[in-house]
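Asker: Please work out how this folds:
(one chain, ligands or ions: 2)
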Amino acid sequence: MTTNEKSIQEINEKIKDGSVCVVTAAQMTQIVTELGPEDAMHEVDVVTTGTFGAMCSSGVWMNFGHAEPPMKMSKVWLNDVEAYGGIAAVDAYLGATQPSSSRGIEYGGGHVIEDLIRGKTVTLRAEGTVTDCYPNPDLSVEIGLEDLNQAVMSNPRNCYERYGVATNTLDKSLYTYMGKLLPELENATYSGAGELSPIVNDPQFRTIGIGTRILLGGGEGYVIGCGTQHNPTGGFGTLMVQGDLENMNSSMIRGATMTKYGPTLFVGVGVPIPIINAEVAKSAGVSDADITTNVLDYAVPSRNRPVLASVNYEELKSGMIEVNGKEVTTSPLSSFKVAQDIAVYLKDLIVKKEFFLSEAVKQLSSKDTVYPLRPRKSASPAAIVSPVSNQFMHRNTDLCIHCGLCVPHCSAGVFQQDSDWIVIDDQSLCVKCDDCRDICPQRAITVRS
Ligand code: SF4
Ligand code: SF4
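Answerer: Residues are numbered from 1 along each chain as shown. Ligands and ions are numbered 1, 2, ... in the order given. Sure thing, here's the model as predicted:
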């Protein structure tokens, strides 16, 4: 007896007993065309997708471990590429697009990430904020990936569902994040892997959600939420993803530089689509001809660039599109070869019982939209909180978070915590010793000078 639904658990059982049927997204397009979604759903258990393109919105969280003497790293560089160090003492976030201070845009965060994955050592340089507990002011050492406590790729926005095609009507070349755009519509560049791309195979997010196990840079990763600028309503959904750098492969993660624009990172992502019902089978049967996008004129330096034409990915992949009556050569910014390699690699892992599917713990929104920057006319000045009491010590109960830090500091017993952990104070007990000055991390306690 056949049913019209399959659970992830049932599919995982089939992976375990070796009876699972896995096909790539490109193969699924053919299967759905030939059999229709109903029969395709019974035939196929998992569709593997893949994409390998420049994903500027990528980076890595790192924990370096404590130096001796210890240091509160406030400024951090890896091979002269600055990472954000405003987190605790020995953590930093290295963004893919940050350029090197010594080599400019030819080497950036994306290249450091690739070097670490390749097993190279990099120079960690840091400046510290000297405190009583962190006396070390600076440091410069060589480190490799295996020396880091954690190196977690955590990408706020990857896997755009589709992207606008870039072209240029000016009489000079433009250098952009979409590559070099030749004058007078001589070329057009586009992004995304078309029918192989993850989200176009499940645009309603019926199977992709928080907790979905994926392939990120060739290693195991997870979807951790909607990507920033997630705009499924407009056909531009995105994913926020995470994975351990240690398991990644440099053939699926590559630093790059867009000429006269800046560094970036090519990221390989493969997402398995469990074919749980006929609707999902139908979505996974998407073809390049079904995926349309707009051709935009980058000559206009505005977020509202003029739309010159509407095209589909079949036309884009043919190498030529028509814009304003002119034949325009197209070239992809993504590698279809590596995207296909990723889809096949993921398929092989599943067939070899080395990759199982996970149930999403929360669906991603299929209704979000995105807005441009909306500045307020004038920012209101921050409220100034000042002591209002004649008492020697004043505790501002609006600021107090009831942490209790002040309680043992007052030997006169002014501060107490009740049975619900609420901090109260009895001013009548105060002996004006001044010991509570500066103790409150919320600056809720003020003491008269
Ligand atoms: S230390 Fe400050 S925030 Fe904490 S309980 Fe005391 S007054 Fe409140
Ligand atoms: S001034 Fe001294 S006695 Fe008064 S509340 Fe602060 S610590 Fe307690």
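
Asker: low-confidence ranges in the chain?
Answerer: For the chain, applying pLDDT under 70 flags the ranges 1-2, 378-389.

Asker: next one: phi and psi at the closest residue to Leu145 other than its chain neighbours?
Answerer: Counting by CB to CB, 6 or more residues apart in numbering, the nearest residue to Leu145 once its immediate chain neighbours are dropped is Leu116, at 4.5 Å. Using the backbone N, CA and C atoms, a C-beta is placed for each residue, glycine as well. When read as degrees, to the nearest 10, the backbone of Leu116 gives phi -60, psi -40.

Asker: What about Leu116, how many residues nearby?
Answerer: With neighbours defined by other CB atoms under 10 Å, the count for Leu116 comes to 28.

Asker: show me the contacts for it.
Answerer: Applying CB atoms under 8 Å, 6 or more residues apart in numbering to Leu116 gives the contacts Val60, Val122, Gly144, Leu145, Ala151, Leu245.

Asker: For Lys337, which three-state class applies?
Answerer: helix (DSSP: H, G, I helix; E, B strand; the rest coil).

Asker: Pull up the residues of the protein that are close to ligand 2.
Answerer: Selection of the chain residues close to ligand 2 by CB under 6 Å from any ligand atom yields 392-393, 410, 412, 414, 430-436, 447.

Asker: would CSV of those residues with secondary structure, neighbour count and distance to Thr259 be doable?
Answerer: Supplementary listing: those in CSV, determined by DSSP: H, G, I helix; E, B strand; the rest coil; neighbours: other CB atoms under 10 Å; distance: CB to CB, whole Å:
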residue, secondary structure, neighbour count, distance to Thr259
Phe392, coil, 14, 66
Met393, strand, 23, 63
Cys410, coil, 21, 64
Ala412, coil, 14, 69
Val414, coil, 23, 66
Cys430, coil, 17, 68
Val431, coil, 11, 71
Lys432, coil, 11, 68
Cys433, coil, 14, 67
Asp434, coil, 12, 63
Asp435, coil, 16, 62
Cys436, coil, 22, 60
Val447, strand, 18, 60
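
Asker: so which of those comes closest to Gly209?
Answerer: Of all the residues of the chain next to ligand 2, Cys436 has the smallest distance to Gly209: 48.7 Å, by CB to CB.

Asker: The closest one contacts His409, correct?
Answerer: Yes - look at Cys436 against His409 with CB atoms under 8 Å: they come within range, at 5.5 Å.

Asker: shared neighbours of the two, which are they?
Answerer: What both Cys436 and His409 touch, as defined by CB under 8 Å, 6+ apart, is the set Phe415.

Asker: contacting residues around Thr330?
Answerer: Val165, Asn187, Ala188, Thr189, Tyr190, Glu315, Leu316, Lys317, Ser318, Gly319, Met320, Ile321.

Asker: who's Leu296 bridged to?
Answerer: Ala166, Val307 (DSSP bridges).

Asker: In this structure it contacts Thr167, no?
Answerer: Yes - Leu296 is within contact range of Thr167, at 7.1 Å (criterion: CB under 8 Å).

Asker: Could you check which of these two has the larger neighbour count?
Answerer: More crowded of Leu296 and Thr167, by other CB under 10 Å: Thr167, with 30 against 21.

Asker: Now do the same for the residue nearest to that one when sequence neighbours are not counted: helix, strand or coil?
Answerer: Excluding the flanking residues, the one nearest Thr167 by CB to CB, 6+ apart is Ala188, at 4.1 Å. Classification of Ala188 using three-state DSSP returns strand.

Asker: give me every residue that touches Ala188.
Answerer: Counting by CB under 8 Å, 6+ apart, Ala188 has contacts Val165, Ala166, Thr167, Leu181, Val295, Leu316, Ile321, Val323, Val328, Thr329, Thr330, Ser331.

Asker: and these, which two are the farthest apart?
Answerer: Farthest pair in the contacts of Ala188, by CB to CB: Leu181 and Leu316, 15.0 Å.

Asker: rewinding a little: of all the residues of the chain next to ligand 2, which two lie farthest apart?
Answerer: Across those (CB to CB), the longest gap, 13.2 Å, separates Ala412 and Val447.
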